[in-house]
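A.B. asks: could you look at this predicted model? Sequence included:
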Amino acid sequence: MQMKFRLIDKITGFKKYEWIETVKAISLEEYSLLEPWGRKGAFPETLILQIAVESAALFAAASSEFRWIGLLDTVEEVRFLSETAPGDVLHTRVRAENSGRRFGFVISASEKTIARGGFVSRPVPLADFYSENDFRIIWEALYVPTA
């Protein structure tokens, strides 16, 4: 199996066709990614957006019984409201809109909103990008439903 870079540590909630909640803890190394370019002390905004996009991809796969996945098409009205700090735990909530093509999201940490916005994704067959079995294993490793 090929190594994949993932920005989701855990799926904390999921309602088929409606929403997904995920968690990402920011490590000291990730916090320092921009330091070589003179921007010390912030997790890159592009990766914050990617957390929401990956959450939506997981949501689309699970909602479609692992037949489809969403690929980012367009970004709409994204606002970055606060920077992250090492050790921040980012809580992401992504909700489906417009029959699952448009997603709205909010990412927060320690009672502050980090980012909010929306994007449109394009559904494509999951099998074009991943092994269905491998993707199910990723889902099962990240999501443990609560009783």
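C.D. replies: Looks like it came in fine. Numbers count the residues shown, from 1 in each chain.

A.B. asks: grab the nearest non-local neighbour of residue 142.
C.D. replies: With C-beta to C-beta, 6 or more residues apart in numbering as the criterion, residue 142 has its nearest non-adjacent residue at 4.6 Å, and that residue is residue 11. Backbone N, C-alpha and C define where each C-beta goes, glycine included.

A.B. asks: next structured bit after the helix or strand that neighbour falls within?
C.D. replies: Taking DSSP states H and E as the definition, one finds residue 11 inside strand 10-15. Counting by DSSP H and E, the next helix or strand C-terminal to strand 10-15 is strand 19-25.

A.B. asks: bridged to the residue nearest to residue 142, which residues?
C.D. replies: With DSSP bridges as the criterion, residue 11 is bridged to residue 22, residue 143.

A.B. asks: and the strands in the chain?
C.D. replies: Assigned by DSSP state E, the chain shows strands spanning 10-15, 19-25, 68-80, 89-97, 102-109, 112-125.

A.B. asks: got CSV for those strands, with mean pLDDT, distance to residue 49 and mean neighbour count too?
C.D. replies: Converted to CSV, these look like this (pLDDT from 0 to 100; distance: least, C-beta to C-beta, whole Å; neighbours: other C-beta atoms under 10 Å):
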stretch, mean pLDDT, distance to residue 49, mean neighbour count
strand 10-15, 96, 18, 16
strand 19-25, 95, 12, 21
strand 68-80, 93, 6, 15
strand 89-97, 96, 11, 19
strand 102-109, 97, 9, 21
strand 112-125, 95, 7, 17
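
A.B. asks: need those strands in CSV with distance to residue 54, can you?
C.D. replies: Below are the strands of the chain laid out as CSV (distance: least, C-beta to C-beta, whole Å):
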stretch, distance to residue 54
strand 10-15, 11
strand 19-25, 8
strand 68-80, 10
strand 89-97, 9
strand 102-109, 11
strand 112-125, 11
